[in-house]
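Q: Let's see this in three dimensions:
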Amino acid sequence: MTEQEFLRLRNGTDVRGTAVAGVKDDPVTLTDEAVLAIARAFTVWAAKKTGVSAPTVAVGHDSRISAEHISSLVAEGVTSCGGNVILTGLSSTPSMFMLLQDDFGADVSVMITASHLPYQKNGLKFFAKDGGLEGGDVAEILKIAAAGDFPAGKGTVSRKSYIGKYAQDLVDKVRAACGTDKPLQGKRILVDAGNGAGGFYVDLVLKPLGADTTGSQFLEPDGTFPNHIPNPENETAMQSVCAAVRANKADFGIIFDTDVDRAGAVAPDGEEINRNRLIALISAILLEERKGAYIVTDSVTSDGLAAFIKAHGGVHYRFRRGYKNVINESKRLNAEGKYSPLAIETSGHAALSENYFLDDGAYLVTRLLIALAKCAREGKDLMALIADLPEPAEAAEVRLGFTPGCDFRTLGAGVIANFEKHARETEYLSLAPDNHEGVRVNFDASHGNGWALLRMSLHEPIMPINVESNEKGGNKRIMQELYAFLKGYDFLDTQPLKNKL
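A: Have a look, this model is predicted:
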């Protein structure tokens, strides 16, 4: 494989590709050759990073059908360079970082996952003791893989699970915070794991804390994902867990993505706690503990959320999409002396400064459950914490594609710059003052009473457009304005926008 072919496997800070043959128009790209070379390259990179000539690499995976095969290839690649391997089996992505903070015996780790992508996909996510690797680190590893200059050696392979210790740490945290052994006694809390890796949370966290987990569903790992995609952002998945909460009269519902680095939740009435509501809930909890905190979110959060955070004594800091982007910006603010305990995306990626700024869905919901237990003890309703969150009347996202083969990044940047100019020159439009991605434009009360954000996708030839309005019918008026402006760009597929009119 050429260096360019290897680099095409980079997806932000991960390696991702197609690992299972048989899906039309989706050829295998994460080949055995590629995985072996990347594992060897990571061993070389890790030796340089850690100063350990024969590093020990922990290797875990989610429930995907290609997981065991790729695990064996990674083990072969690492040991052929003299590195040692600890196979942790079914794991969550956060646990693969946390074991590096523990006395587990690994110097670095690899998680085999492709998050919520379809069953034929898979990938590798890398961790060192100071955190997940950045995109530049992954590019360096892929270049080492392409060069193919690897040391020869013969390392060892052992097996040891860590998920039990990871779960016990969460249990201990809840007990310490609540001052009792079973703080969830009398509460019915169900989990939808979507047949991913999150099923452990029922037996290893909730039950030891006293919760009744009746109604939990899709806990068994199954990499074909027969029930729904394990993804808190997926409408079918959210409808499924919401229905389960209503049917079982649960006090709280939890849904994880495949590898448990993201989560969503459900209120007792079966309404989802997702996107702005999820951010508001964890923000309210943190702001009760300390006012003045900077809450860093992605760019598509609502104006209502900004008002809520301000009313609760915080500062809403809206930044770029991409969980690494919000995490790194929150770290930067802290380094400047601005207290920022939370970096969170509307997708459910949430990282707390108290937890190594690790995006960890299980830790996030554990924090929510501590608040639930405390509220119950005081005779309060957890959802009362966000009762004053202003909700938009309408919210939507449309995704516009580009003509295949065009220079979509340059063309997209031009469209965004032109729309910004248009907003500056139009009386009833105004630019959002705190925007860090694309262009976010406010529409006055006579022209939609809301806002629109035009931005470029991080990795795809797509221009996502997010629209919110504070009145029924407002989204349509805003989208009519957008369509009138954008339809003249023949390299943009504006049909998805037109379909909304």
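Q: quick one: low-confidence ranges for the protein?
A: The model of the chain has no residue with pLDDT under 70.
Q: can you pull up the bridge partners for the most centrally placed residue in it?
A: Centroid-nearest residue in the chain, with CA atoms, centre = their mean: residue 349, separated by 3.4 Å. Beta bridges link residue 349 to residue 262, judged by DSSP bridges.
Q: ok, now the one 10 residues further on?
A: In this entry, residue 359 is beta-bridged to residue 351, by DSSP bridges.
Q: pretty sure it contacts residue 115?
A: No. In this structure, residue 359 is not within contact of residue 115 by CB atoms under 8 Å, at 10.9 Å. Quick note: C-beta positions are derived from backbone N, CA and C, even for glycine.
Q: coming back round to it: what sits against the residue nearest to the centre of the chain?
A: Taking CB atoms under 8 Å, 6 or more residues apart in numbering, we find residue 349 in contact with 261, 262, 323, 326, 359.
Q: Swap in 10 Å and give it another go.
A: The contact partners of residue 349, taken as CB atoms under 10 Å, 6 or more residues apart in numbering, are 115, 232, 257, 261-263, 298, 322-324, 326-327, 343, 359-361, 364.
Q: Give me the subset of those lying in strands.
A: Those of those mapping onto strands are 263, 343, 359, per DSSP state E.
Q: which one of those residues is nearest residue 239?
A: Nearest to residue 239 out of the ones in strands among the contacts of residue 349 is residue 263 (CB to CB; 16.7 Å).
Q: can you pull out the strands in the stretch 201-350 of the chain?
A: Ranges of strands in the stretch 201-350 of the chain, per DSSP state E, counting those that start in this stretch, are 252-256, 263-266, 272-273, 294-297, 315-318, 342-344, 350-352.
Q: Among those, which comes closest to residue 473?
A: For residue 473, the closest of the strands of the stretch 201-350 of the chain is strand 272-273, at 23.5 Å, according to CB to CB.
Q: Contacts made by the closest one with the rest, please.
A: The contact list for strand 272-273 (CB under 10 Å, 6+ apart) reads 232, 235, 238-239, 241-242, 245, 252-255, 263-267, 278-282, 365, 368, 382-383, 386.
Q: Partner strands of that strand and their direction?
A: Using DSSP bridges, the strands paired with strand 272-273 are strand 263-266 (antiparallel).
Q: circling back: out of the strands of the stretch 201-350 of the chain, which one sits most buried?
A: Among those, ranked by average contacts under mean count of other CB atoms under 10 Å, first place goes to strand 252-256 (a mean of 31).
Q: helices or strands up against it?
A: Judged by 3 or more CB pairs under 10 Å, 6 or more residues apart in numbering; DSSP states H and E, strand 252-256 is in contact with strand 189-192, helix 200-201, helix 235-247, strand 263-266, strand 272-273, helix 361-377.
Q: residue ranges of the helices in the stretch 151-300 of the chain, please?
A: Remark: helices assigned in the stretch 151-300 of the chain by DSSP state H, counting those that start in this stretch are 163-178, 200-201, 235-247, 276-289.
Q: wait, residue 167 sits on residue 174?
A: No. Using CB atoms under 10 Å, residue 167 is not in contact with residue 174; the gap is 11.1 Å.
Q: Could you name every residue contacting both of these two?
A: Shared contacts of residue 167 and residue 174, defined by CB under 10 Å, 6+ apart, comprise 205, 206, 208, 366.
Q: In ChimeraX, select just the buried ones from those.
A: To isolate the buried ones among the shared contacts of residue 167 and residue 174 in ChimeraX, judged by 16 or more other CB atoms under 10 Å, type:
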select :205,206,208,366
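Q: Out of the shared contacts of residue 167 and residue 174, which two are the most distant from each other?
A: 208 and 366, at 12.2 Å, using CB to CB across the shared contacts of residue 167 and residue 174.
Q: quick one, which of residue 359 and residue 115 is more surrounded?
A: Between residue 359 and residue 115, counted using other CB atoms under 10 Å, residue 359 has the larger neighbour count: 27 against 22.
Q: what's the distance between the more buried one and residue 349?
A: Remark: distance between residue 359 and residue 349 (CB to CB, to the nearest Å) = 5 Å.
Q: Please identify every residue contacting each of those two.
A: Residues touching both residue 359 and residue 349 by CB under 10 Å, 6+ apart: 261, 262, 263, 323, 324, 326, 327, 343.
Q: and these, which are buried?
A: Buried among the shared contacts of residue 359 and residue 349 (16+ other CB under 10 Å): 261, 262, 263, 323, 324, 326, 327, 343.
Q: circling back to that earlier point, what about the helices and strands packed on strand 252-256, which gets the closest to residue 407?
A: Short answer: helix 235-247, nearest of the helices and strands packed on strand 252-256 by CB to CB, at 33.1 Å.
Q: Just list what that closest one packs against, helices and strands only.
A: Judged by 3+ CB pairs under 10 Å, 6+ apart, helix 235-247 is in contact with strand 189-192, strand 252-256, strand 263-266, strand 272-273.
Q: One more pass at 7 Å, please.
A: strand 189-192, strand 252-256, strand 263-266 (3 or more CB pairs under 7 Å, 6 or more residues apart in numbering; DSSP states H and E).
Q: Relative to the whole chain's centre, how far out is the second one?
A: The chain centroid and the centroid of strand 252-256 are separated by 15 Å, computed with CA atoms, centre = their mean, to the nearest Å.
Q: what's near enough to touch residue 247?
A: residue 215 (CB atoms under 7 Å, 6 or more residues apart in numbering).
Q: Let me have the buried ones among the shared contacts of residue 359 and residue 349 in CSV, adding distance to residue 355 as columns.
A: Shown next, in CSV, are these (distance: CB to CB, whole Å):
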residue, distance to residue 355
261, 12
262, 14
263, 13
323, 14
324, 16
326, 15
327, 11
343, 11
